[in-house]
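Peer 1: give me a 3D structure for the following:
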Amino acid sequence: MTLADVNMVKVTSTAKENGSYHHGDLRRALIDNGLQLLEENMEANLGLRQLARLAGVSPGAVYRHFVNKEELLVALAVEGFGRLTQKQSRAYLEKKTVSNAMDAFRAGGAAYIQFARENPALFRLMFGRFSATHRNEELAKASKLNRDMMMLSISKVLGGERPARELHAFCVGTWAMIHGLSALILDQQLQEEGDDLDGLVEDIIRGASEWE
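Peer 2: The predicted model follows:
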């Protein structure tokens, strides 16, 4: 995967401004409504019958797209990775056109954390135990695409020739830092930062990009 490939990233995320159902696009409406319910109720009340009521269709129509709740959750996780990849790729490319790899990495890292803060339940679903134990080919592909794009951006910060083991350790360690910071924020472990939280996030990402 090259930086040029990032510009060619195609995702299935085409969310509507509302969750209304249009004939012939029921699966799209179910995913959009499912994402909304996920953020409102986590997974507690997310059921296929509830989605059917929201879409104004019969339960049978829903079951033609998702045979059970697990299939729906996998589809939501796939959608989540698509949206995260799209958000980060846009951030990378906006910076890459006017600046350098370090600024592109910082923008992508900030986009990752912003996505987590805007979609906490979806973020937890994507990276939680459920997705790890229900990973099908589509979910594995969506997850790998996001990871490969992140690793490419991180590796560009180092520049030059580095031993593969050192490069891999740097990439995984930096990703772990960004992901861990996202988790701390979602778990409200940084509340004492108050209005300084955004500045702290920016400083941490800047520090990570300056590792030697």
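
Peer 1: please report how far Gly82 lies from Ala142.
Peer 2: Distance check for Gly82 against Ala142: by CB to CB, to the nearest Å, it reads 6 Å. (Glycine included, C-beta is placed from N, CA and C.)

Peer 1: do Glu166 as well
Peer 2: Taking CB to CB as the measure, Glu166 falls 28 Å from Ala142.

Peer 1: returning to what we had before: of Gly82 and Ala142, give the one with the bigger neighbour count.
Peer 2: Between Gly82 and Ala142, counted using other CB atoms under 10 Å, Ala142 has the larger neighbour count: 23 against 20.

Peer 1: didn't that one look like it was pressed against Leu84?
Peer 2: No - taking CB atoms under 8 Å as the definition, Ala142 is not a contact partner of Leu84, at 9.1 Å.

Peer 1: for Glu193, give me its contacts.
Peer 2: Applying CB atoms under 8 Å, 6 or more residues apart in numbering, one finds that Glu193 lies in contact with Leu200.

Peer 1: and the pLDDT for it?
Peer 2: If you check Glu193, the pLDDT there is 83.

Peer 1: is it in a helix, a strand, or coil?
Peer 2: Classification of Glu193 by DSSP: H, G, I helix; E, B strand; the rest coil places it in helix.

Peer 1: where does the prediction get shaky in this structure?
Peer 2: Along the chain, segments meeting pLDDT under 70 span 1-24, 42-45, 95-99, 159-160, 209-212.

Peer 1: tell me which element the residue positioned nearest the centre of it falls in.
Peer 2: Central residue of the chain (CA atoms, centre = their mean): Leu84, 3.3 Å from the mean position. Assessed by DSSP states H and E, Leu84 sits inside helix 69-96.

Peer 1: re earlier: let me know whether the residue nearest to the centre of the chain touches Asn146 as I believe.
Peer 2: Yes - under the criterion of CB under 8 Å, Leu84 makes contact with Asn146 at 5.7 Å.

Peer 1: how far does the helix holding Leu84 sit from the chain's center?
Peer 2: How far helix 69-96 lies from its chain's middle: 4 Å, per CA atoms, centre = their mean, to the nearest Å.

Peer 1: would you mark the buried spots in it?
Peer 2: Going by neighbour count (16 or more other CB atoms under 10 Å), the buried part of helix 69-96 is 72-89, 91-93, 95-96.

Peer 1: returning to what we had before: can you tell me which residues contact the residue nearest to the centre of the chain?
Peer 2: By CB under 8 Å, 6+ apart, the residues touching Leu84 are Tyr112, Phe115, Met126, Asn146.

Peer 1: list the residues that contact the residue located most distally from the centre of the chain.
Peer 2: Ranking residues of the chain by C-alpha distance from their mean position (CA atoms, centre = their mean) puts Ser58 at the top, at 30.9 Å. Shown in contact with Ser58 (CB under 8 Å, 6+ apart): Ala52.

Peer 1: now do it against Leu73, distance only.
Peer 2: Going from Ser58 to Leu73 by CB to CB gives 21 Å.
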